[in-house]
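Chemist: here are the coordinates; sequence isn't available:
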């Protein structure tokens, strides 16, 4: 087992790392140029990143399983909410979700060199939590973007898990779903914590299976605080139910 681990580490350093770095630069530049030439394009803002996610998952040779994609209507807009186990979550979602979406992310991520500019050009939604005005601008941006089958992807925990278990959800995703009266789709990510946990930082990944589970869409049940609370609670329960016992949050 140690020998296999050794050769997998060597493979990552000599083969995988150069490919992944090059693909990140290439996809970022492709997105920036494509979205600059064709503003608000659903093709250039999604498919280069989808290919990027597939490259990461394939090059790292990780076994992956996806369940529940048949529950999605390709022409519908959703608010996807997923647990955040580790850095591989982003690539897993891009590679396997199979539904055109935009990310809603922290405003600070806009400052990442090259990648931040690509996200800006792709019309991703950067959240300014510092004021009520910032929240209103977020909702207005989402209303303009979430049309014709384009959806929104959010990590409602706000940050990666330290132990693989979920922490209470922030209400932003569900407030947005309530305001726009869109169904929420819970998504469970399992195995990403074991591949590259937050505590390791940027490091060699572990060889471990990953799984993406798409749950049934949850339609709005009215509008207001009760609907927001219901969407949040039901989403948490659905995501938690598909996690293994060691990562499941106990009631």
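Modeler: Here it is on my side, so go on. Computed from a predicted structure; not experimentally measured. Numbering: from 1, shown residues only.

Chemist: For the stretch of helix or strand residue 26 belongs to, name the packing helices and strands.
Modeler: Per DSSP states H and E, residue 26 falls inside helix 17-37. Packing contacts for helix 17-37, counted by 3 or more C-beta pairs under 8 Å, 6 or more residues apart in numbering; DSSP states H and E, involve helix 47-59, helix 115-121. The C-beta positions use only the backbone N, C-alpha and C, and glycine is treated the same way.

Chemist: Of all the ones you listed, which one is nearest residue 225?
Modeler: helix 115-121 (31.1 Å; C-beta to C-beta).

Chemist: And the contacts of the closest one?
Modeler: By C-beta atoms under 8 Å, 6 or more residues apart in numbering, the residues outside helix 115-121 that reach it are 24, 27-29, 31-32, 35-36, 45, 103, 105, 109-110, 112, 126.

Chemist: what's the spacing between the helix holding residue 26 and its chain's center?
Modeler: Mean-position distance between helix 17-37 and its chain equals 18 Å (C-alpha atoms, centre = their mean, to the nearest Å).

Chemist: got it, and stretch 34-42?
Modeler: 21 Å.

Chemist: Ok, stretch 29-47 next?
Modeler: 19 Å.

Chemist: Ok, stretch 182-195 next?
Modeler: 8 Å.

Chemist: and the angle for the helix holding residue 26 with helix 47-59?
Modeler: 170 degrees (axes from the mean of the first three to the mean of the last three C-alpha atoms, to 10 degrees).

Chemist: Show me what counts as buried in helix 17-37.
Modeler: 20, 23, 24, 27, 28, 30, 31, 32, 34, 35 (16 or more other C-beta atoms under 10 Å).

Chemist: Relative to residue 162, which of those is nearest.
Modeler: For the buried residues of helix 17-37, the nearest to residue 162 is residue 20 (24.6 Å; C-beta to C-beta).

Chemist: these two touch, right, that closest one and residue 58?
Modeler: No. Between residue 20 and residue 58 there is no contact under C-beta atoms under 8 Å: 10.6 Å.

Chemist: Dump the buried residues of helix 17-37 into a markdown table; add distance to residue 190 as well.
Modeler: Below are the buried residues of helix 17-37 laid out as a markdown table (distance: C-beta to C-beta, whole Å):
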| residue | distance to residue 190 |
| --- | --- |
| 20 | 22 |
| 23 | 25 |
| 24 | 25 |
| 27 | 26 |
| 28 | 28 |
| 30 | 31 |
| 31 | 29 |
| 32 | 33 |
| 34 | 33 |
| 35 | 32 |
